[in-house]
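**Q** Any chance you can model this:
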Amino acid sequence: MKIALDVDSVLADVIVTWLDVYRESSGRSLKKADVNTWNFWKTLGLTRKQFEDIFTEAWVRWERIPPTENNLAGTVKRLRRLHTVDIVTGRTLNTVPDVKKWLSWQNIDYEQFVRVPTYTLKSSLEYDIFIDDSPLNIVGAADKNRHSILYDQPWNQDMEPHPVIYRVKSLVEAADIVEKLTPQKP
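**A** Numbering: from 1, shown residues only. I've put the predicted structure just below:
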């Protein structure tokens, strides 16, 4: 099977750095818990371009972006022993070099790096398992009967329960689910 593994807010806790950049430019201080809807930037009165510009600046500071949890490299290795793992991200093209530097810095191995245009649903791609924090991507994958693992974040809390979506609080939990979904060899 093929796994589509998201970067932003699944591997890289980029929102922490995004909030730093936002504070520096606006003077407004927010906590990660304040980011409680998917399109939170609209409630801040930002345009899509302003939102993306802040994300770009956050990725320029890639060395300041913390991982979402400890031992990500080991957990991704565990996933790779089970299946093919591709990094599938909806980043802007100009952030790709910095994202790749961050992945290398964190020792995260993967088969392919797949960038989809920002705001493009990943569920149109041919993957068997999606691990993502986006309610839109996860519901899209679930609606196509793909295994869908939602990485728990403040902005996806209002998502209704769905019979084929697994909500996890860590990548380790996601790996446990993937292991259970993996057909056993005779």
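
**Q** C-alpha only now, for contacts and for neighbours.
**A** Will do.

**Q** hang on, residue 147 packs against residue 126?
**A** No. Here residue 147 does not reach residue 126: they are 11.8 Å apart, not a contact under Cα atoms under 8 Å.

**Q** And those two? Which one has more around it.
**A** residue 147 (21 against 12; other Cα atoms under 10 Å).

**Q** give me every residue that touches that one.
**A** 128-130, 141, 164-165 (Cα atoms under 8 Å, 6 or more residues apart in numbering).

**Q** Looking at pLDDT only, which of those residues scores worst?
**A** Here the lowest pLDDT out of the contacts of residue 147 sits on residue 164, with 86.

**Q** Next, give phi and psi for that residue.
**A** In terms of degrees, to the nearest 10, the main-chain angles of residue 164 are phi -120, psi 20.

**Q** likewise the one 5 residues further on?
**A** Residue 169 has phi and psi values of phi -100, psi 0 when expressed as degrees, to the nearest 10.

**Q** unless I'm mixing things up, it is touching residue 149, no?
**A** No. Applying Cα under 8 Å as the test, residue 169 and residue 149 come out as separate, 10.2 Å apart.

**Q** Between the two, point out the one with more neighbours.
**A** Comparing residue 169 with residue 149 by other Cα under 10 Å, the one with more neighbours is residue 149, at 28 against 13.

**Q** which residues touch the more buried one?
**A** So residue 149 contacts 129-132, 138, 165-168, 174 (Cα under 8 Å, 6+ apart).

**Q** Then residue 107?
**A** Applying Cα under 8 Å, 6+ apart to residue 107 gives the contacts residue 73.

**Q** Could you look up the SS state of it?
**A** Put simply, residue 107 is coil when judged by DSSP: H, G, I helix; E, B strand; the rest coil.

**Q** Quick check: the gap between it and residue 11.
**A** 12 Å (Cα to Cα, to the nearest Å).

**Q** ok, now residue 146?
**A** The gap separating residue 146 from residue 11 is 21 Å, by Cα to Cα.

**Q** again, but for residue 78
**A** 14 Å.

**Q** neighbour-wise, which of the two wins?
**A** Applying other Cα under 10 Å to residue 78 and residue 11 shows that residue 11 carries more neighbours, namely 26 against 16.

**Q** Next, the contact list for that one, please.
**A** Here residue 11 is in contact with 67-69, 72 (criterion: Cα under 8 Å, 6+ apart).
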